[in-house]
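J.: next comes the sequence, and after it the predicted model I'd like to discuss.
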Amino acid sequence: MRIYTRQGDKGMTRLADATRIAKNHQRVASYGDIDELNSHIGLLAAKIADSHPELLADLTLIQQELFDLGGELAFSSEAQSSAIWQVNEGWTARLESQIDHYSAQLPPLRQFILPGGSEAAAQAHVVRTLTRRCERQLLTLSEQEQINPAVIPYVNRLSDWFFTLARFVLRQEGRAEVCWVKAADR
């Protein structure tokens, strides 16, 4: 089987339900951003690797879920229905539970923190910001077309999860958070 089909050479693609659509359509941009996010999560997982097997398992599950989400988005607005939707409130509830679990092991957040502190924590912040971009893209899509109503809350919580993960990784590494300092105090 060849990897190339040449069908997209004129800027068009086919969705999962065979609908032809421009490659720059909001729906294609949305699942493209999810794919980019998933790739950066893979990089984060490689940086965490074997030092935190429980985090690695969490990241792998999130990657699987994002692939499912991309699959949902690959169907046209007309084909969107609960029959194809996999993202659900349970996924969001699980993220909230994990955020609470990791947060319980962290000092209270009393000031803004900057991305950094370690390579893994910085990558977690990159993933967090990409998640926010996905959320914005999905919100725009939802204003134009039908999508699963459970998607935006899930992606919103996912960005909180990665923020918490960045803090947790630093704590596990014994490194300090990089705090923002007001301009007058720098």
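T.: Great, that's in hand.

J.: for the rest of this, base every contact and every neighbour count on C-alpha atoms.
T.: Noted.

J.: the protein: strands as residue ranges?
T.: All strands of the chain, identified by DSSP state E, fall at 12-14, 20-22, 113-114, 178-179.

J.: most packed of those strands?
T.: strand 12-14 (a mean of 16; mean count of other CA atoms under 10 Å).

J.: which residues sit against it?
T.: Gln7, Arg20, Ile21, Ala22, Lys23 (CA atoms under 8 Å, 6 or more residues apart in numbering).

J.: center of this protein - which residue?
T.: Thr131 (4.1 Å; CA atoms, centre = their mean).

J.: my guess is that one meets Val155, correct?
T.: Yes: here Thr131 reaches Val155: they are 6.7 Å apart, a contact under CA atoms under 8 Å.

J.: if we can go back for a sec, where does confidence bottom out across the contacts of strand 12-14?
T.: Least confident of the contacts of strand 12-14 in the model: Gln7, at 78.

J.: excluding chain neighbours, give the residue nearest to that one in space.
T.: Thr13 (7.0 Å; CA to CA, 6 or more residues apart in numbering).

J.: same question for Gln98.
T.: Trp161 (7.7 Å).

J.: for the lengthiest helix in the chain, give the mean pLDDT please.
T.: Counting residues, the longest helix found in the chain (DSSP state H) is helix 119-144. For helix 119-144, mean pLDDT is 97.

J.: just stretch 31-40 next, same as before
T.: If you average the pLDDT over stretch 31-40, you get 98.

J.: tell me the buried residues in that stretch?
T.: For stretch 31-40, the neighbour count (16 or more other CA atoms under 10 Å) marks Tyr31, Gly32, Asp33, Ile34, Asp35, Glu36, Leu37, Asn38, His40 as buried.

J.: touching, Arg27 and Ala74? I think so.
T.: Yes: between Arg27 and Ala74 there is a contact under CA under 8 Å: 7.3 Å.

J.: re earlier: make a markdown table out of the buried residues of stretch 31-40 and add distance to Leu59.
T.: Listed next are these as a markdown table, based on distance: CA to CA, whole Å:
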| residue | distance to Leu59 |
| --- | --- |
| Tyr31 | 19 |
| Gly32 | 19 |
| Asp33 | 17 |
| Ile34 | 14 |
| Asp35 | 14 |
| Glu36 | 15 |
| Leu37 | 12 |
| Asn38 | 10 |
| His40 | 11 |
